[in-house]
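1. Pasting the sequence and the predicted coordinates here, then a few questions.
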Amino acid sequence: MRNFGRIVALPLLAALPTLAVAQHIAAASESTITVTGGGIPGETYHLPQMYGDWFVTGTDASAHLTMRTLPGAHQAQMTIAWDGKALTQTIDAAKNADVSGKYSFFLNLNSLGAYGQLAELRGSDLITVTITKMDNLALEGAFSGSLTGTAPLRITGTIKLHRDAPANKPTGTFGNCDPVIHDKLAGAEWRSPSECEVKFDAYVRKGLTAVLQPVIGYLTAHGWGVTTQVEVQPLTSIPRHTEAKPFQLNEQQMHQSGAFYVSLGLDKNSPIYRQYDQPVQVAMQNFAATLKSMDPAEMTAAQERLHEATKAEEEHTTCTISIAINQAGVGISSFKGGHTVTPLPHGGFAVSAPYVQAPTGGDMGAAQRVTYVFLGPFTPPAPSGPGTLDENITVKGTLSLAPAKLLSVQNIRIRIQTGAEMAQQVINLIDWSALQQLMAGK
């Protein structure tokens, strides 16, 4: 994942193959666990410290809890998680290994001898949880079963948690939906989205698919093929501390400086591709010839010609389009000046620069011409002359933090990495009515 929100670190007793971080919530715990086996005749640990969260709705429930002892001679830390409204929950080794994190059980004993071991579910080990009370203020129940540490262990225990107020946080609203965050990822770096965030994300992605469909349809009918494309899936996680900010597309799917993207390439057997590939082949042969001469000036000139031919081929035979929403600003690093700023007939403006640094970084060797389209409250930069050197272009955006605007498309940035003529063709093919509907929230 990328650009994670900051959360509170939990000081672990020892390395655990489970949550490395956890969020602390204000809840009183009278929970206990009793451990027998592996040299332990029967030790009951009181677990007054609790980290994590739980929730209950009319249709769903989830708990992700880490509980531990106070400092003392024998210390223990227990992690338990389950998902769903069933009053009896079972956790086995297969569920414990599931990367979704919906179910888990780990026990870390931190002392000497038999009282110092890490236990988890292995083989036929099974934990059964019986829930007697679960609402947003209280969680009570009992658990029992087997674990494996340095030897097989039998455990029994109780869960008794209470808090004065639920830990619910609202997001923005989007029509008829639940804006409250019901977090199934408590302790993870990202959180669960609210129902409204899931609904809005799907709405935006459907709209952006419509925006680019005429472009994809036209190019694929004229010798182009889709090489990579965003996989549209339901939103399942989102960075923490974003609920009070204008919604941005999930950054787990970032590609080419955008979270919604498509890349296309021209058929290598097409006449246009061969037209631009021939100068590349010639430039490669000339560069190879200069290596034999060992003349530094000739080698530098040949290398520059090869770079220009390769760049021209890339610009005329590939096209990558990415779209982002609700940007506070966009910085563009170009290795050579000469960017242009052009008003667009459908609204907004375009910024085109000839040597934009690649999203992954690097020097001018990887730079390409990129055209940006800005819609909404962006401030256009001043154009530059063709003779200027390196430049950093800044396009500032203005966003509203009003609750009613958090789940809305306030602005749109489209990044088109291709030649100037192809970029203009893409702009002409874009479904501008779909863009305007997104901005209007329809």
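-> On my side now, so go ahead.
2. So the nearest residue to residue 182 once chain neighbours are set aside: helix, strand or coil?
-> Spatially, and ignoring its direct neighbours in sequence, residue 182 is nearest to residue 55 (4.5 Å; CB to CB, 6 or more residues apart in numbering). All C-beta atoms are positioned from the backbone trio N, CA, C, and that covers glycine. Following DSSP: H, G, I helix; E, B strand; the rest coil, the label given to residue 55 is strand.
3. Tell me where the model's unsure across the stretch 101-250 of the chain.
-> Of all residues in the stretch 101-250 of the chain, none has pLDDT under 70.
4. who touches residue 330 in this structure?
-> For residue 330, the contact set (CB atoms under 8 Å, 6 or more residues apart in numbering) comprises 372, 374, 378, 394, 395, 397, 413.
5. Same question for residue 431.
-> 210, 211, 212, 213, 214.
6. List the ones among these that fall in helices.
-> Here DSSP state H is the test, and the contacts of residue 431 give 210, 211, 212, 213, 214 as lying in helices.
7. right, and the third one touches residue 432 too?
-> By that I understand residue 212. No: Residue 212 is beyond contact range of residue 432, at 11.9 Å (criterion: CB atoms under 8 Å).
8. coming back round to it: what are the bridge partners for the residue nearest to residue 182, then?
-> residue 62 (DSSP bridges).
9. excluding its backbone neighbours, what's nearest the residue in the chain sticking out farthest from the centre?
-> Going by CA atoms, centre = their mean, the residue of the chain most distant from its centre is residue 293, 50.8 Å out. Of all residues not flanking residue 293 in the chain, residue 299 sits nearest, at 7.7 Å (CB to CB, 6+ apart).
10. Run a quick neighbour tally on the one you found.
-> For residue 299, the count of nearby residues is 15 (other CB atoms under 10 Å).
11. Tell me which residues touch it, please.
-> Residue 299 neighbours (CB under 8 Å, 6+ apart): 287, 290, 291, 293.
12. Tell me the confidence at the residue nearest to residue 182?
-> pLDDT recorded at residue 55 is 94.
13. Make 44 the first number, not 1, from now on.
-> New numbering, starting at 44: the last item is residue 98.
14. so how far is residue 126 from it?
-> 11 Å (CB to CB, to the nearest Å).
15. who's residue 439 bridged to?
-> If you apply DSSP bridges, the partners that residue 439 bridges to are residue 372, residue 422.
16. Looks like it contacts residue 422 (just checking).
-> Yes: at 4.6 Å, residue 439 counts as touching residue 422 under the criterion of CB under 8 Å.
17. Helices along the stretch 44-193 of the chain, start to end?
-> Using DSSP state H, counting those that start in this stretch, the helices assigned to the stretch 44-193 of the chain run over residues 136-139.
18. closest to residue 324 among the contacts of residue 474?
-> Comparing the contacts of residue 474 against residue 324 with CB to CB places residue 255 closest, at 32.8 Å.
19. and stretch 355-372, how far from the chain's centre?
-> 19 Å (CA atoms, centre = their mean, to the nearest Å).
20. per-residue confidence averaged over it?
-> So the average pLDDT for stretch 355-372 ends up being 91.
21. What of stretch 324-335?
-> The average pLDDT for stretch 324-335 rounds to 82.
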